[in-house]
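A.B. asks: All I have is the shape, not the residue letters:
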């Protein structure tokens, strides 16, 4: 994920993005209060710009700092909101509310806890168009992608509804008259720092599972896309999630640092760049705090000569252009084994058909902001200057679209596997292609990259599939699948520089992360035979 990187966490302008230069201070008298039908307060300025506050202890709250920063729509660069900038005082208030709510919430049965999640699941379905429209507005995904964002998040909510079956531990008579059983206890107050690229899905990777297992969660959304989570927290409130059980603290580095360092926050999850993920993990571990920090990726696809050309070409284009390439599972490096001219022609042809926009299912939306767009264009410029061949050049979108931040699909044919665009995470609709002599050369290149999120092979034979599956260095592998994202109950997580910390997110990995596994050994009567456990 793209972030502003500094040497120490206190120097980071904002975990998972950058601080906007226009942080401002506003008094509450400058805004007009509005009421949503569920009774939760939202603020909107007189010109229709949304005012986005924290959600603490069951209600919206203005920040202690009184500061707000602008939220732009990347499609046209226009102001759509002002999000509050929180500090340690706001975090203290949220943690205090969560700590107060925890005894009653964790004391409920799992069956009782998931009742409000069941209603929230239904509300997510009922409001999926509204939520998707917010994602289109603040992130720029096309409508189909935005609906997918909402629905995939809701799938994790649905999985959490079965927690009472999944959380059961083993029980066994380990000796005559002696039994041992497992019990899962919640961590307590936990925090989740989420990125801009999936405003609905990524918060749901953790939140419903943390809540179902008895924890109280504080979510720190990206300041670039706060609208979606702001609406989702209202739906949670409407569904009956008690005050203090799920809260939102908006902001930048100060809020994140305060969450990590707070003595009453017992676990932290983070999704962002590798550089920042490693800093977060080290900071949390230095104070013996459970942490899972997911970092960046450089995902490799390998095409064998026996691959299905049409299927491979369609998948590859969908993978590197979907969500404008702004996802950690996107294909970004294609290793072509031998000369496969027809495959490359089909990839270029299919990618050329994509148009800028947000309504068509095959439209490519904008890049999230100016800094990210400039970075993408810089990689393309440098590749061209170094002698790489542009099979498809999408830079003209940036010139032709007068508003917003746009880059069309770009395909670069490299002659050097060590070009920066071949090795670095670009986080845009850019595919770097390199032709290798054989599968051994392909695996050597894939294994040499420091990341380990995803890798996939396109082939028609099980022999090739198994050969690569045994040798890829990544946590999520695909065979004839361009975006090999596991589905629940399987968990999401890479290896190497793509993940730091404990367990995975979603599915069973999240259940393990948000609970402590306790073992209870007991006997009630003297055993008929003596042993060391008697």
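C.D. replies: Structure received. Everything numeric in this text was worked out from a predicted model, so none of it was measured.
A.B. asks: Determine the number of other residues adjacent to the closest residue to residue 337 other than its chain neighbours.
C.D. replies: Spatial nearest neighbour of residue 337, chain neighbours left out: residue 304 (5.3 Å); criterion: Cβ to Cβ, 6 or more residues apart in numbering. Just so you know, the C-beta spots here come from the backbone N, C-alpha and C atoms, and that holds for glycine as well. Number of residues near residue 304 (other Cβ atoms under 10 Å) recorded here: 22.
A.B. asks: which residues touch residue 304?
C.D. replies: Contact analysis of residue 304 by Cβ atoms under 8 Å, 6 or more residues apart in numbering lists 337, 439, 457-461, 464.
A.B. asks: Going through those, which ones are buried?
C.D. replies: 337, 439, 457-459, 464 (16 or more other Cβ atoms under 10 Å).
A.B. asks: nearest to residue 103, of those?
C.D. replies: Nearest to residue 103 among the buried ones among the contacts of residue 304 is residue 457, at 50.7 Å by Cβ to Cβ.
A.B. asks: Skip ahead from the helix or strand that that closest one is a member of and say which helix or strand is next.
C.D. replies: Taking DSSP states H and E as the definition, residue 457 sits inside strand 454-458. Heading C-terminal from strand 454-458, the first helix or strand you meet, by DSSP H and E, is helix 462-471.
A.B. asks: Tell me what angle that following helix forms with strand 454-458.
C.D. replies: Helix 462-471 runs at 160 degrees relative to strand 454-458, counting by axes from the mean of the first three to the mean of the last three Cα atoms, to 10 degrees.
A.B. asks: Now the following helix or strand past helix 462-471: buried residues?
C.D. replies: Note on helix 462-471: by DSSP H and E, the next helix or strand toward the C-terminus is strand 476-479. Using 16+ other Cβ under 10 Å as the test for burial, strand 476-479 gives 476-478.
A.B. asks: and if you look at stretch 312-330?
C.D. replies: Those would be 312-313, 315-330, for stretch 312-330 by 16+ other Cβ under 10 Å.
A.B. asks: and if you look at stretch 232-252?
C.D. replies: In stretch 232-252, counting by 16+ other Cβ under 10 Å, buried: 232-239, 241-252.
A.B. asks: Ok, stretch 286-295 next?
C.D. replies: For stretch 286-295, the neighbour count (16+ other Cβ under 10 Å) marks 289-295 as buried.
A.B. asks: Give me the distance from that stretch to the chain's centre.
C.D. replies: 16 Å (Cα atoms, centre = their mean, to the nearest Å).
A.B. asks: Can you give me the end-to-end span of that stretch?
C.D. replies: One end of stretch 286-295 sits 19 Å from the other (Cα to Cα, to the nearest Å).
A.B. asks: Contacts for that stretch, please.
C.D. replies: 1, 187, 260-261, 265-278, 280-281, 284-285, 328, 451, 493-494, 497-505, 513.
A.B. asks: Just the ones of those in helices?
C.D. replies: Taking DSSP state H as the definition of helices, the contacts of stretch 286-295 contribute 260-261, 274-278, 280-281, 284-285, 513.
A.B. asks: Drop anything exposed from those residues.
C.D. replies: Among the ones in helices among the contacts of stretch 286-295, the ones that count as buried by 16+ other Cβ under 10 Å are 260-261, 274-278, 280-281, 284, 513.
A.B. asks: quick one: which of those is nearest to residue 171?
C.D. replies: residue 513 (23.0 Å).
A.B. asks: From residue 514, how far off is the nearest residue to that closest one once chain neighbours are set aside?
C.D. replies: Distance criterion Cβ to Cβ, 6+ apart; nearest residue to residue 513, sequence neighbours excluded, is residue 503 at 4.2 Å. Residue 503 is 9 Å from residue 514, where distance means Cβ to Cβ, to the nearest Å.
A.B. asks: Over to residue 225?
C.D. replies: 24 Å.
A.B. asks: now residue 356
C.D. replies: Using Cβ to Cβ, one obtains 40 Å as the distance from residue 356 to residue 514.
A.B. asks: So for the two, which residue has more residues nearby?
C.D. replies: Taking neighbours as other Cβ under 10 Å, residue 356 and residue 514 compare with residue 514 leading, 27 against 20.
A.B. asks: Isn't residue 135 up against residue 199?
C.D. replies: Yes. Residue 135 lies in contact with residue 199 (Cβ atoms under 8 Å); the separation is 5.3 Å.
A.B. asks: between those two, who's got more neighbours?
C.D. replies: When residue 135 and residue 199 are compared for neighbours, residue 199 comes out ahead with 30 against 27, by other Cβ under 10 Å.
A.B. asks: excluding its backbone neighbours, what's nearest that one?
C.D. replies: Nearest to residue 199 is residue 228, by Cβ to Cβ, 6+ apart, at 3.7 Å.
A.B. asks: likewise residue 297?
C.D. replies: In this structure, residue 297 finds its nearest non-sequential neighbour in residue 453, 3.4 Å apart by Cβ to Cβ, 6+ apart.
A.B. asks: Find residues that contact each of residue 135 and residue 199.
C.D. replies: Both residue 135 and residue 199 are contacted by 149, 225, 228, under the criterion Cβ under 8 Å, 6+ apart.
A.B. asks: Including secondary structure and distance to residue 362, could those residues go into TSV?
C.D. replies: Shown next, in TSV, are the shared contacts of residue 135 and residue 199 (DSSP: H, G, I helix; E, B strand; the rest coil; distance: Cβ to Cβ, whole Å):
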residue	secondary structure	distance to residue 362
149	helix	17
225	coil	23
228	helix	23
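A.B. asks: So for stretch 117-131, mean pLDDT?
C.D. replies: Averaged across stretch 117-131, pLDDT comes to 98.
A.B. asks: cool, and stretch 53-69?
C.D. replies: Mean per-residue pLDDT for stretch 53-69: 97.
A.B. asks: Could you pull out the buried residues of that stretch?
C.D. replies: So stretch 53-69, judged by 16+ other Cβ under 10 Å, has buried residues 53-58, 60-65, 67-69.
A.B. asks: Likewise for stretch 263-270?
C.D. replies: By neighbour count with 16+ other Cβ under 10 Å, stretch 263-270 contains the buried residues 265-270.
A.B. asks: so what's residue 417 up against?
C.D. replies: Here residue 417 is in contact with 434, 445 (Cβ under 8 Å, 6+ apart).
A.B. asks: just residue 518 next, same as before
C.D. replies: For residue 518, the contact set (Cβ under 8 Å, 6+ apart) comprises 182-185.
A.B. asks: Next, residue 288: secondary structure please.
C.D. replies: Using DSSP: H, G, I helix; E, B strand; the rest coil, the structure places residue 288 in coil.
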